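[1] need a structure here:
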Amino acid sequence: MHMTRQKNAVERRIDVLCEQWLRATEAPDVRAVIWRVPDNADRMMAAFFEAQAHPELAGTPDFFLRLSTPFETGFGYSRALKEDLRRRYLDSRDNMAEEGVAQDWLDAYRQQPDTAAGTLAQWASFATHHRERMRYFAAVLSPEQVASPAAFERWLDAALATPAPANVRLVLVDYASTRQWQPLVERHGSSVTVIDAPVDMFDIARDIAAQSGGAGPQTAFRQMLADVMTLLDKGSASQVVARGERAIALAQRADWPDQQVVVHMAVAGAYMKEQQFPEAIARYRTARERALDAERASHPAGLQLVMQTWFGEAGVWLVAGQPERAAAAYAEGAEVARRMPNAMFVIEGLRMAGFCLAQAGRREPARDYGLQALAAARDVPASDRPMTTLPLLLQDLLRLQDAPRTEKIERAAEQYRVAVESARDAAEMRAARLGADPTCLELERIEAELQGRYETAFANAARERERQIAGGDAFFRRVVAVGRDFLHPRWSGLPDIRHPLDKAIVEWSEPPQFAVLPDPEPLFTPESATVARAPAAEETVA
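    Numbers count the residues shown, from 1 in each chain. Here you go, the predicted model:
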């Protein structure tokens, strides 16, 4: 007898999402659908959209196209979206031939205007041509970068104001905590509908644990841990403690010190959310005792767990307004990271120790910790350094050495941002005045002028930053030199500003007079990086 496989928790959620989508898109006047989801639901929504791309998994008759195209200007975004579909269509010719699908969509080669209306017209043409294979073309818009949120909203407004293509739906993902797209809903009434999606990942984890079956302590612990994490997100500290104690007792009986660490840190996090600082500190210290048990038992994650307890305790001290105790805990965590070894966490622990001491007004010990972190950066492969907190460390050292000069460097970046935004807004207004059917030549002129203004603004910012760097003392300029050696050759502080057209230095239209920088090596000598320990972390909690 054939038995139907029971669907797992993720598959069941996808089924629910399909049902919600079908109900929400029944009304013919719906132009856009906003999924409103918990903050932790990105992976679940990605799974839903991916499932619709596979006929054997899809639960809807619609074609979902996920578009992460960056948004710079409305006309540039429109052009990029149309090019994206055209490229995907042409790249899929072999697969289409295998499936017996004719490759005769002529709008793959025709030009629509670089406007929101032109983009929708292309999508509608595609959906009409393939109407035997789809009900709607559902464009999932999730730009990986948005240069101007206001301009992106204007593009969406323009898309929703165009004559409605019957076979196109715009799709956006909203978060329950921010409700970013609620103004869009209010502006466009019944043409925009909201789906409140029940896809909380903690609930799904609970269901997975419950469905895993079996018996014994592992199964029971998985369920308890899922409950703890759910309550950490939604419940009170007392609820987390009550559930956590049951999980800890089970882990103690099974001799799982690593799992005890996990639960104790979750409880500490619950106390932290409610600003019960002494209780949180005590839990992190209990977690560390269990982590040391795991290390003594040669658990592969033992040292990492010990480090996490130090960093967790440090965070509590910092939020509680005791930066010197926080510095001591961060430094201890850095020492554990050195034993692992993990240079990235060594850098972060020492950097934060210095940051905390700077908050306490202890400038010289803060700088010493910063120099120790700088020395640790040498152990990180060059390709990985930008992914560490090294840029923040360098900026901390610049600020410690010369705060007014560092503020001027930061201000130059802000002025550049404002100039870019002004140029972009002006370009958008010029493009809007061209009407519904601008020519490529007209838009190219606007874009060329926009890029010219970008380059001028960048040149002004770069020139001012180099002037400030050149006026700094030897220590200040050596820190910049490390940035240029370890990160990239034009590093000039944070915020990091890159050439707006990603040109190499030799291609810059107005390269600045780069500051002459001294050899940074003295920053790495023992004399310059004397260990300056903060007071030891107290064993009693004030």
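[2] was I right about residue 501 contacting residue 452?
    No - Residue 501 sits out of contact with residue 452 when judged by C-beta atoms under 8 Å, with a separation of 10.2 Å. Glycine gets a C-beta too; all of them are placed from N, C-alpha and C.
[3] in the chain, which helix or strand is least confident?
    helix 201-211 (a mean of 65; mean pLDDT, DSSP states H and E).
[4] in the next helix-or-strand element following that one, what counts as buried?
    Heading C-terminal from helix 201-211, the first helix or strand you meet, by DSSP states H and E, is helix 217-234. With burial defined by 16 or more other C-beta atoms under 10 Å, the residues of helix 217-234 counted as buried are 220-233.
[5] helix 217-234 packs against which elements?
    When contacts are defined as 3 or more C-beta pairs under 8 Å, 6 or more residues apart in numbering; DSSP states H and E, helix 217-234 packs onto helix 201-211, helix 237-253, helix 257-273.
[6] and that helix, what's its mean pLDDT?
    Averaged across helix 217-234, the pLDDT comes to 87.
[7] give me phi/psi at the residue minimising distance to the centre of the chain?
    Nearest residue to the geometric centre of the chain (C-alpha atoms, centre = their mean): residue 144, 9.6 Å. Backbone torsions for residue 144, taken as degrees, to the nearest 10, come to phi -70, psi -20.
[8] and the strands in the stretch 51-200 of the chain?
    63-67, 137-141, 168-175, 192-196 (DSSP state E, counting those that start in this stretch).
[9] out of those strands, which gets nearest to residue 367?
    strand 168-175 (39.9 Å; C-beta to C-beta).
[10] spit out the contact partners of residue 442.
    For residue 442, the contacting residues are residue 434, by C-beta atoms under 8 Å, 6 or more residues apart in numbering.
[11] which parts of whichever helix or strand it is part of are buried?
    Using DSSP H and E, residue 442 maps to helix 440-470. Within helix 440-470, the residues that qualify as buried are 442-443, 446-447, 450, 453-455, 457-462, 464-466, 468-470, counting by 16+ other C-beta under 10 Å.
[12] reformat the strands of the stretch 51-200 of the chain as a markdown table; add mean neighbour count, distance to residue 419 and mean pLDDT.
    As requested, those are exported to a markdown table (neighbours: other C-beta atoms under 10 Å; distance: least, C-beta to C-beta, whole Å; pLDDT from 0 to 100):
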| stretch | mean neighbour count | distance to residue 419 | mean pLDDT |
| --- | --- | --- | --- |
| strand 63-67 | 18 | 29 | 95 |
| strand 137-141 | 22 | 28 | 97 |
| strand 168-175 | 21 | 30 | 96 |
| strand 192-196 | 18 | 34 | 95 |
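[13] hang on, the earlier thing: out of the buried residues of helix 217-234, which is nearest to residue 83?
    Using C-beta to C-beta, residue 233 is the member of those that lies nearest residue 83, at 40.6 Å.
[14] how far away is that closest one from residue 245?
    For residue 233, the distance to residue 245 (C-beta to C-beta, to the nearest Å) stands at 19 Å.
[15] still on that earlier bit, please identify the most buried of the helices and strands packed on helix 217-234.
    Across those, averaging neighbours per residue (mean count of other C-beta atoms under 10 Å) puts helix 257-273 on top, at a mean of 23.
[16] next structured bit after it?
    Counting by DSSP H and E, the next helix or strand C-terminal to helix 257-273 is helix 277-296.
[17] can you pull the buried residues of the very next helix or strand once past that following helix?
    Elements were assigned by DSSP H and E; along the chain past helix 277-296, the next helix or strand is helix 302-319. If you call a residue buried by 16+ other C-beta under 10 Å, then helix 302-319 has these buried ones: 302-318.
[18] residues contacting residue 179?
    So residue 179 contacts residue 36 (C-beta under 8 Å, 6+ apart).
[19] now swap in residue 387 and tell me
    The contact partners of residue 387, by C-beta under 8 Å, 6+ apart, come to residue 344.
[20] now do the residue nearest to the centre of the chain, the pLDDT please.
    95.
[21] count of neighbours near the residue nearest to it when sequence neighbours are not counted?
    Computed as C-beta to C-beta, 6 or more residues apart in numbering, the closest residue to residue 144 that is not its neighbour in sequence is residue 68, at 4.5 Å. Residues lying near residue 68 (other C-beta atoms under 10 Å) number 11.
[22] and residue 68, how far from residue 80?
    Distance from residue 68 to residue 80, counting by C-beta to C-beta: 11 Å.
[23] likewise residue 518?
    Residue 518 is 44 Å from residue 80, by C-beta to C-beta.
[24] residue contacts, the closest residue to residue 304 other than its chain neighbours?
    Counting by C-beta to C-beta, 6+ apart, residue 304 lies nearest to residue 340, which is 6.6 Å off, once chain neighbours are set aside. Residue 340 sits next to 303-304, 307 when contact means C-beta under 8 Å, 6+ apart.
[25] mind doing that once more with 10 Å?
    Residues in contact with residue 340 (C-beta atoms under 10 Å, 6 or more residues apart in numbering) are 302-304, 306-307, 346.
[26] who touches both of residue 68 and residue 80?
    Residues touching both residue 68 and residue 80 (C-beta under 10 Å, 6+ apart) are residue 143.
[27] all helices for the stretch 401-542 of the chain, in order.
    According to DSSP state H, counting those that start in this stretch, the stretch 401-542 of the chain carries its helices in the segments 403-432, 440-470, 474-486.
[28] quick one: the second one to helix 474-486, angle?
    Spelled out, it's helix 440-470. Counting by axes from the mean of the first three to the mean of the last three C-alpha atoms, to 10 degrees, helix 440-470 lies at 140 degrees to helix 474-486.
[29] mind starting the numbering at 4 from now?
    New numbering, starting at 4: the last item is helix 443-473.
[30] avg pLDDT for helix 443-473?
    Averaged across helix 443-473, pLDDT comes to 97.
[31] quick one: that helix to chain centroid distance?
    27 Å (C-alpha atoms, centre = their mean, to the nearest Å).
[32] burial of the closest residue in space to residue 140 that isn't next to it in sequence, as a residue count?
    Spatially, and ignoring its direct neighbours in sequence, residue 140 is nearest to residue 130 (3.9 Å; C-beta to C-beta, 6+ apart). Using other C-beta under 10 Å, residue 130 is surrounded by 22 other residues.
[33] dump the residue contacts of residue 130.
    Per C-beta under 10 Å, 6+ apart, neighbours of residue 130: 65-66, 136-141, 168-172.
[34] and of those residues, the nearest to residue 395?
    Nearest to residue 395 among those, with distances taken as C-beta to C-beta, is residue 141, at 40.1 Å.
[35] quick one: contacts for the closest one?
    Shown in contact with residue 141 (C-beta under 10 Å, 6+ apart): 24, 28, 36, 52, 55, 63, 65-69, 126, 130, 170-174.
[36] equivalent analysis for residue 241, please.
    Residue 241 makes contacts with 234, 273-274, 277, as judged by C-beta under 10 Å, 6+ apart.
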